[in-house]
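Participant: I would like to see how this sequence folds:
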Amino acid sequence: MECKKCNSIQCVKNEMVGDIQRYRCKSCGYNFTNTPKRGKPEGMKALAIFLYTLGNANFGRVGKLLKVSNVAVLKWVGKEAKSLERPFLASSLPPLRS
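Facilitator: Modelled structure (predicted):
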């Protein structure tokens, strides 16, 4: 067992939460379970964004192809769009004075 926070191998059983065993790191005191990470892999998100930007598929179609909800695809595309810089528009500049 390896700590998810500091990657130490000095972990001991701590308690049970429902039917899941929790562990405590002796190095940093972090409590964790041995469960997979939540969410979808970054590769799947990138593929969804790529498919949507090709222009031939909408959020619903991409969601069906990847077996996720169309809302998830919408959020992934929206998050990526917010990270892009805004395009420069020449008409937004003030007029030149001579």
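
Participant: Tell me which stretches of this protein form strands.
Facilitator: Under the criterion DSSP state E, the chain carries strands at the ranges 11-17, 20-25, 31-33.

Participant: which one of those strands lies closest to A48?
Facilitator: Smallest distance to A48 across the strands of the chain (CB to CB): 28.2 Å, for strand 31-33. Bear in mind the C-beta positions are built from the backbone N, C-alpha and C, glycine included.

Participant: just checking, what packs against the closest one?
Facilitator: strand 20-25 (3 or more CB pairs under 8 Å, 6 or more residues apart in numbering; DSSP states H and E).

Participant: Direction included, what does the strand it packs on pair against?
Facilitator: Using DSSP bridges, the strands paired with strand 20-25 in its sheet are strand 11-17 (antiparallel), strand 31-33 (antiparallel).

Participant: Compare these and give me the one nearest C3.
Facilitator: Evaluated with CB to CB, the strands paired with strand 20-25 place strand 11-17 nearest to C3, the distance being 5.8 Å.

Participant: That closest one - what's its average pLDDT?
Facilitator: Taken as a whole, strand 11-17 has a mean pLDDT of 92.

Participant: Mind listing residues that contact that strand?
Facilitator: 1-3, 21-26, 31, 33 (CB atoms under 8 Å, 6 or more residues apart in numbering).
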